[in-house]
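Asks: what's the 3D shape of this:
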Amino acid sequence: MARYTGPTTKIARKFGEPIYGPDKYFEKKNYPPGQHGMAKKRKKISEYGNQLKEKQKVKYTYGVLERQFRNTYAKAQRMKGRTGENLLMLLESRLDNIVYRMGIAPTRAAARQLVSHCHIVINGEVCNVPSTIVKPGETVGVRERSKSLEVIQNCVADTCKYAWLEWNRADLTGKFLNLPERTEIPENINEQLIVELYSK
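Replies: Prediction:
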């Protein structure tokens, strides 16, 4: 299976930041994984190494595979504006990410599972493809027969803290208002390194 399903804390420790959200185990072991993680003297990382690390971090953060990521980058290049910012906007527009941002699921992996198990609808139609790009103006919500699920009820938030999303707690539906600005995306990502990597 290509998609990573192992320990998330190990990956977070690899990048030195909790990319999967708050993690008490990461706080306890805030050093690289492995037998000599705390004592190992790391060599200075090359410019290419930093660029590759940043790309890998984004892939793990959004749960995207290499070919998907490359295709998304190619699409971002064809759009007007800065390629790096376009890339992040496209990743934020993915259905699994929007389900996570709306607070329907606690993590992106959980959001992906809800989508693939047919619990999520776009404009009233069931969609089971997590990588679907949601367009501004479209509504995303929980399927009628899935609204009583305990896993959803335990997670849904009363309000949405992101300006580009509108959330209705009563109906368990939200609206994707517009593409987010780079300043509104909270992820700690240096997208310019990814652009430099792909421009070689």
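Asks: most centrally placed residue in the protein?
Replies: Nearest to the geometric centre of the chain sits Tyr62, at 3.0 Å (C-alpha atoms, centre = their mean).
Asks: in a strand, that's where Gly174 is, yeah?
Replies: Yes - counting by DSSP: H, G, I helix; E, B strand; the rest coil, Gly174 is part of a strand.
Asks: can I assume it is in contact with Leu165?
Replies: Yes - between Gly174 and Leu165 there is a contact under C-beta atoms under 8 Å: 5.6 Å. The C-beta positions use only the backbone N, C-alpha and C, and glycine is treated the same way.
Asks: Would you map the strands across the chain?
Replies: In the chain, the strands defined using DSSP state E lie at 120-122, 125-126, 139-142, 165-168, 173-176.
Asks: The third one packs against which elements?
Replies: Just to be clear, that refers to strand 139-142. helix 95-101, strand 120-122, strand 173-176 (3 or more C-beta pairs under 8 Å, 6 or more residues apart in numbering; DSSP states H and E).
Asks: gap between the two ends of stretch 180-192?
Replies: 18 Å (C-alpha to C-alpha, to the nearest Å).
Asks: Run a quick neighbour tally on Lys75.
Replies: Other residues lying near Lys75 total 14 when counted by other C-beta atoms under 10 Å.
Asks: So it is in contact with Ser93, correct?
Replies: No - applying C-beta under 8 Å as the test, Lys75 and Ser93 come out as separate, 10.7 Å apart.
Asks: Which elements pack onto the lengthiest helix in the chain?
Replies: Using DSSP state H to define each element, the chain has its longest helix at helix 47-62. If you count contacts as 3+ C-beta pairs under 8 Å, 6+ apart, helix 47-62 packs onto helix 8-15, helix 66-78, helix 191-198.
Asks: what sits against Ile152?
Replies: By C-beta atoms under 8 Å, 6 or more residues apart in numbering, the contact list for Ile152 reads 104-105, 114, 119, 142, 146, 172.
Asks: which of those count as buried?
Replies: Listed as buried from the contacts of Ile152 are 104-105, 114, 119, 142, 146, 172; burial here means 16 or more other C-beta atoms under 10 Å.
Asks: From what I see, Lys175 and Gly141 are in contact.
Replies: No - in this structure, Lys175 is not within contact of Gly141 by C-beta under 8 Å, at 9.2 Å.
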